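Undergrad: Next come a sequence and a model predicted from it.
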Amino acid sequence: MTGPSLAHRIRTEAHAVWFAVRDPRTPLLAKLVGLLVTAYALSPIDLIPDFIPVLGLVDDAILIPLGVWLFERLIPPALFAEHRARAEIETQRPVSWAGVLIVLAIWALIAWIIWGAIATSEYN
C-alpha cells in the first residue's frame, strides 16, 4: 500500500491552514498568510490554468506547499501539529452522497422557480 497522493496531502495541508487561521492563538501575520494560501488553494483561478497539461497542476503543487511552509514557520509547531491532525481526520471522512443529492435538488428547485418566474413574466 502506498502513502497518500500529492493531491490529498496538499488538500490536507490547506485544510490544516484553514483551521489554524480560525484559531485565536494564531498570530495576525500568520492569519494573513494563511488566508492567502487557503484562498489560492480554493480559488478556481490559477496562475497557470489547470487545462494546460502538466503545467496547470505544477503551480498548485509548488505554490500551495510554499505557502504552507511559510505559514508553518509563522506559528508555534505544536499549534500547527494540532490542526494538521484535525485536518487529517476531516479529510478521511467519506462524502455524503445523500447530502450532495439534497443540495443539487435544492439548486435545481431554485433554478426551476426562477425559470418559471421569468417565463411567466415574459407572457404577461
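TA: Alright, I've got the coordinates. Numbering: from 1, shown residues only.
Undergrad: Quick test: name the residue nearest the centre of this structure.
TA: Most central in the chain under C-alpha atoms, centre = their mean is L42, positioned 4.1 Å from the mean C-alpha point.
Undergrad: Can you give me the distance of the residue nearest to that one when sequence neighbours are not counted to Q92?
TA: Leaving aside its sequence neighbours, L42 sits nearest to A14 (C-beta to C-beta, 6 or more residues apart in numbering; 7.6 Å). C-beta coordinates here come from the backbone N, C-alpha and C atoms, glycine included. A14 sits at a distance of 15 Å from Q92 (criterion: C-beta to C-beta, to the nearest Å).
Undergrad: In the host helix or strand of R73, which residues are buried?
TA: Here R73, judged by DSSP states H and E, is contained in helix 55-74. Of the residues in helix 55-74, D59, D60, L63, I64, P65, G67, V68, F71, E72, L74 count as buried by neighbour count, 16 or more other C-beta atoms under 10 Å.
Undergrad: quick one: low-confidence ranges for this protein?
TA: Counting by pLDDT under 70, the chain contains low-confidence residues at 1-4, 44-47, 49-51, 93-96, 122-124.
Undergrad: what ranges do the helices span in it?
TA: Applying DSSP state H to the chain gives helices spanning 6-21, 28-42, 55-74, 77-92, 97-123.
Undergrad: List of residues touching the first one?
TA: Around helix 6-21, the neighbours that count as contacts under C-beta atoms under 8 Å, 6 or more residues apart in numbering are 4, 26, 30-31, 34-35, 37-38, 41-42, 60-61, 64-65, 67-68, 71, 75, 79-80, 83-84, 86-88, 90-91.
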